[in-house]
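Novice: Got a predicted model here, sequence first, then my questions.
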Amino acid sequence: MRRFMWVVVLTVAVVLPTRAQQTPQIELMGGYSYLRSDIGGVDQGLNGWNGSITENINHWLGGTADFSGFYAHPGGINVNTHTFMFGPHFAYRKSGSVTPFAHVLIGGMRASQGYLGISQSKTDFAAALGGGVDVKVHKIVSIRIIQAEYVYTPYLNMRQDNLRVSAGIVLRFGRK
């Protein structure tokens, strides 16, 4: 009888986490984002938003479209930065309700600066490498505890190595 109980306990311990961690077909994320940027040789923190949509191909691989906007007013200069990047998304879905992930994103950045009615703007290449952690709180809702990336941008012909950190809500639709 004791062996039978151990078999039942082990079976439940293996089956329940697998069943609870079903792969969603689509994940929509929206939330707050912070970009540490080098603007004209001066380190600047920009606050803004980040949103993404991920379509999962299987339980570990998906494709992500990521969009963000950041804004600051250092010394009366209006700074606006928007990114649009796309790439593969790798998730580790075997740890119950916690899903760590990584992604590589490539796309563009539209940045502008303006002061006293004079402005300059440019759209250029951008790339991000990073990942984060989602915690499932409901069948269709997760909280993105953190998403952190190294972001490369050659803004106005100046190489920038930036840090982007985001957090928000993830809505999960469909099942794979």
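Specialist: Perfect, thanks for sending it. Residues are numbered from 1 along each chain as shown.
Novice: Could you measure from residue 72 over to residue 148?
Specialist: For residue 72, the distance to residue 148 (Cβ to Cβ, to the nearest Å) stands at 20 Å. From N, CA and C alone the C-beta is placed, and that goes for glycine too.
Novice: In terms of neighbours, single out the busier of those two.
Specialist: Per other Cβ atoms under 10 Å, whichever of residue 72 and residue 148 has more neighbours is residue 72, with 18 against 15.
Novice: correct me, but that one touches residue 112?
Specialist: No - applying Cβ atoms under 8 Å, one finds residue 72 not in contact with residue 112, separated by 11.6 Å.
Novice: Give me the common contacts of these two.
Specialist: Both residue 72 and residue 112 are in contact with residue 79, where contact means Cβ atoms under 8 Å, 6 or more residues apart in numbering.
Novice: Other residues contacting stretch 108-119?
Specialist: For stretch 108-119, the surrounding residues in contact (Cβ under 8 Å, 6+ apart) are 39, 76-85, 120-126, 153, 155-156.
Novice: Average pLDDT for the one helix or strand residue 50 maps to, rounded please.
Specialist: Per DSSP states H and E: residue 50 is located in strand 42-56. For strand 42-56, mean pLDDT is 91.
Novice: swap in stretch 95-109?
Specialist: Here the average pLDDT along stretch 95-109 is 93.
Novice: And it, what's buried?
Specialist: In terms of neighbour count (16 or more other Cβ atoms under 10 Å), stretch 95-109 has its buried residues at 99, 101, 103, 104, 105, 107, 109.
Novice: Next up, the contacts around the second one.
Specialist: For residue 101, the residues meeting the contact criterion (Cβ under 8 Å, 6+ apart) are 89, 90, 91, 92, 131, 132, 133, 134.
Novice: Save those as JSON lines, and put in pLDDT, secondary structure and distance to residue 55 too.
Specialist: Output for those, formatted as JSON lines (pLDDT from 0 to 100; DSSP: H, G, I helix; E, B strand; the rest coil; distance: Cβ to Cβ, whole Å):
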{"residue": "89", "pLDDT": "97", "secondary structure": "strand", "distance to residue 55": "9"}
{"residue": "90", "pLDDT": "97", "secondary structure": "strand", "distance to residue 55": "14"}
{"residue": "91", "pLDDT": "96", "secondary structure": "strand", "distance to residue 55": "12"}
{"residue": "92", "pLDDT": "94", "secondary structure": "coil", "distance to residue 55": "18"}
{"residue": "131", "pLDDT": "97", "secondary structure": "strand", "distance to residue 55": "18"}
{"residue": "132", "pLDDT": "97", "secondary structure": "strand", "distance to residue 55": "18"}
{"residue": "133", "pLDDT": "97", "secondary structure": "strand", "distance to residue 55": "20"}
{"residue": "134", "pLDDT": "97", "secondary structure": "strand", "distance to residue 55": "16"}
